[in-house]
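# Compute the structure for the input listed below.
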Amino acid sequence: MDGWTIAMIVLLAISIFFILLGTIGLHRFPDVYTRLHAATKTTTFGSIFLIAAVIVYGAFRLTEVSGDNAGSFMHLIGMSIIALLALLLTNPTGAHAIARAARRTGVEPEQAVIDDYREVK
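Below is the predicted model of the structure:
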């Protein structure tokens, strides 16, 4: 095995690890807020490493080919970077919107000790 393959395997293993942690968090945590936190953070990290593995694969293949095929791997790398940027912008924004909607509909945290957002009556 060469260095490119080892790098791809390591990145994929890290990705699988984070995604598994998110899955466990969805089943173990008590309320929507902690579940959302577990799912969002671990999915973001897992996806970052997964897309990094795709970029490494594209760079590896780019060094092996020439001519017309090189353009397709440059396209793969470019689209992967765009997907990564979109993920980094939309995943936290979506999680915030879901948490805010849950809060506005009256979903209370299970074990909150201090609640700064509770209205003073």
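
# Tell me how many other residues crowd residue 51.
Residue 51: 21 surrounding residues under other CB atoms under 10 Å. Yep, even glycine has a C-beta here, placed from its N, CA and C like the rest.

# which element is it on?
helix 32-64 (DSSP states H and E).

# buried ones in that helix?
For helix 32-64, burial by neighbour count (16 or more other CB atoms under 10 Å) applies to 32-36, 38-58, 60-62.

# In this structure, which residue is most central in space?
residue 44 (1.7 Å; CA atoms, centre = their mean).

# Could you find the closest non-adjacent residue to that one?
The shortest distance from residue 44 to any non-neighbouring residue, by CB to CB, 6 or more residues apart in numbering, is to residue 91 (4.9 Å).

# give the contact list for that neighbour.
Neighbouring residues of residue 91 by CB atoms under 8 Å, 6 or more residues apart in numbering: 40, 43, 44, 47.

# Could you do residue 51 as well?
80, 83, 84, 87.

# do you know how far it is from residue 74?
16 Å (CB to CB, to the nearest Å).

# Tell me where this structure is predicted with low confidence.
112-121 (pLDDT under 70).
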